[in-house]
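Participant: Sequence first, then the predicted structure:
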Amino acid sequence: MQRQLNGTAERATLEGGHPLGWQAAAIGEYQQSLSVRIADLRAQLAARILALTGRQISSEEIYADGSLAVAGVDDLTFRLHNHSLILVRTCTYCSTGQVESSKISSLSDLGYALSAWSPLHEDCEDYSAEDLADF
Ligand SMILES: [Zn+2]
């Protein structure tokens, strides 16, 4: 039994020594599609920011991975995730963290996220409700 297991392990190692063309091809394909996706996300976020704010953001200023793009504009942070543009602000109550706005699809949505919207952590929401009750 032991001998048989060793034999299997040895064969696997030998096979592993062969150049794994199909794996290299798959990884190459993934990396290529990833760089296309990242370039696409950067272009999309830059276009959305330009349309809403008039600010030109170069793609070097945009962080992106395969599913998310992030850019800073005048001390504000925008994120593009699943084709949704989102504004990120710190929590109104504790002044820390990153709270995501609802989806921004128009200038009016952005105006709301910049003014009427109070970004709050879920935990901070209860405390701030008590504060508001004093008004
Ligand atoms: Zn908070």
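Facilitator: Received it, and whenever you're ready, just let me know what you need. Numbering: from 1, shown residues only.

Participant: ok so Ala51 is a helix residue?
Facilitator: Yes: assessed by DSSP: H, G, I helix; E, B strand; the rest coil, Ala51 belongs to a helix.

Participant: Tell me, what's the model's pLDDT at it?
Facilitator: Looking at Ala51, its pLDDT stands at 96.

Participant: Can you check the pLDDT for the closest residue to Glu125 other than its chain neighbours?
Facilitator: Among residues not flanking Glu125 along the chain, Tyr93 sits closest, at 7.8 Å (CB to CB, 6 or more residues apart in numbering). For glycine as for every other residue, the C-beta is placed from the backbone atoms N, C-alpha and C. With respect to pLDDT, Tyr93 scores 93.

Participant: ok, now Tyr127?
Facilitator: 75.

Participant: Also Asp75?
Facilitator: We note a pLDDT of 89 for Asp75 in this prediction.

Participant: Ser105: neighbouring residues, count only.
Facilitator: 12 (other CB atoms under 10 Å).

Participant: switch to numbering from 366
Facilitator: OK, 366 is where the count begins now, so the last one is Ser470.

Participant: check contacts around the nearest residue to it once chain neighbours are set aside.
Facilitator: Leaving aside its chain neighbours, Ser470 sits nearest to Leu450 (7.1 Å; criterion: CB to CB, 6+ apart). Leu450 is in contact with 410, 413, 417, 443-444, 468-470, counting by CB atoms under 8 Å, 6 or more residues apart in numbering.

Participant: Asp491: which of these is nearest?
Facilitator: Top of the list for closeness to Asp491, among the contacts of Leu450 and by CB to CB, is Lys468 at 24.9 Å.

Participant: Need the phi and psi values for that closest one.
Facilitator: phi -60, psi 130 (degrees, to the nearest 10).
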